[in-house]
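> turn this into a structure:
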Amino acid sequence: MHDEPAPRFLDDTEIELALQVADKHGIGAEVRSALLTGLRMTELRMLAWADVHLDSRVLVVRKAKNRHYRHVALCQSAVDVLAGQSAVTGHCRYVFPGRCRKGATGMRGHEWWTSALKPLQEAIPKFRELPGRCTGRGWHLLRHTWFTRLAEGGASMARISQWGGHSDVNFTRRRYAHLQEGYHDDIERVKLGS
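Here you go, the predicted model:
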């Protein structure tokens, strides 16, 4: 079995730059949503307003990679971003529609999503350094950043796995548990003698 390399993620400076570039190129809501929810490119693409519940701070992913729907908790920043997007596209079927006019609420094409990150690829080396086979041409880098931030913040691997849609919590542990290494009160359970 081959060792998987640790997933790449954006640091604070790169996140700030990514948000500046995204805002300049009109993809701020999409990039923020990816960073704050961990949704895959396809899940963002297919996210419908019927599955976004801002009052209860949760969204439902119905078209997941593993074909199982899941609930993703929304932090206040994600609620704020989606509330802002609702003011723009709330009358459409999709959160990020391709066309949104009377009666037409088409989904954005796959091509749009794969090319939308070009400005980020030009501005941030980590996007350019991704392997050619990398899912979503960089959207997964935003997803890995979300996983990393949760792990660094001390969220449980089980919860991160559930929210992220991993079918096996051990997969999540293998990829992100190293971010929680260090002292923990549980080490005090080691006792010598009686």
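
> tell me the pLDDT of residue 112.
The model reports residue 112 with a pLDDT of 89.

> any idea how far the most centrally placed residue in the chain is from residue 68?
The chain has residue 38 as the residue nearest its centroid, 1.7 Å off, counting by Cα atoms, centre = their mean. Applying Cβ to Cβ, to the nearest Å, the value for residue 38 to residue 68 is 16 Å. In this view, the C-beta of every residue, glycine as well, is placed from N, C-alpha and C.

> how about residue 83?
From residue 83 to residue 68 the distance is 27 Å (Cβ to Cβ).

> can you give me the strands in the protein?
For the chain, the strands defined by DSSP state E occupy 52-53, 58-61, 70-73.

> adding mean neighbour count, write those strands out as CSV.
Below are the strands of the chain laid out as CSV (neighbours: other Cβ atoms under 10 Å):
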stretch, mean neighbour count
strand 52-53, 18
strand 58-61, 20
strand 70-73, 16
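
> among those strands, which is nearest residue 142?
strand 70-73 (14.1 Å; Cβ to Cβ).

> strands paired with that closest one, and their directions?
Sheet pairing of strand 70-73 (DSSP bridges) gives strand 58-61 (antiparallel).

> what residue ranges in the protein score low on pLDDT?
1-6, 64-67, 99-105, 131-137, 172, 177-191, 193-194 (pLDDT under 70).

> again, only this time at 80
Applying pLDDT under 80 to the chain flags the ranges 1-7, 63-68, 99-106, 130-137, 165-194.

> list the residues that contact the closest residue to residue 76 other than its chain neighbours.
Nearest in space to residue 76, with sequence neighbours left out and distances taken as Cβ to Cβ, 6 or more residues apart in numbering, is residue 57 at 7.8 Å. Residues in contact with residue 57 (Cβ atoms under 8 Å, 6 or more residues apart in numbering) are 73, 74, 75, 76, 79.

> nearest to residue 52, of those residues?
residue 74 (8.4 Å).

> ok, for that closest one, nearest residue in space, not its chain neighbours?
Once flanking residues are discounted, residue 74 sits nearest to residue 57: 4.4 Å by Cβ to Cβ, 6+ apart.

> repeat that for residue 95.
residue 47 (4.5 Å).

> with residue 98 instead?
residue 108 (4.0 Å).

> that neighbour: what's it in contact with?
So residue 108 contacts 45, 94, 96, 97, 98 (Cβ under 8 Å, 6+ apart).

> can you tell me how far it sits from residue 87?
18 Å.

> rewinding a little: indicate which one of the strands of the chain is closest to residue 24.
Closest of those to residue 24 is strand 52-53, at 25.7 Å (criterion: Cβ to Cβ).

> what's the closest one in contact with?
So strand 52-53 is in contact with 59, 60, 82, 86, 95, going by Cβ under 8 Å, 6+ apart.

> include distance to residue 112 when you put the residues you listed into CSV, please.
Shown next, in CSV, are the contacts of strand 52-53 (distance: Cβ to Cβ, whole Å):
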residue, distance to residue 112
59, 21
60, 23
82, 19
86, 20
95, 14
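
> I figured residue 46 hits residue 59, correct?
No. With contact defined as Cβ atoms under 8 Å, residue 46 and residue 59 do not form a contacting pair (11.6 Å).
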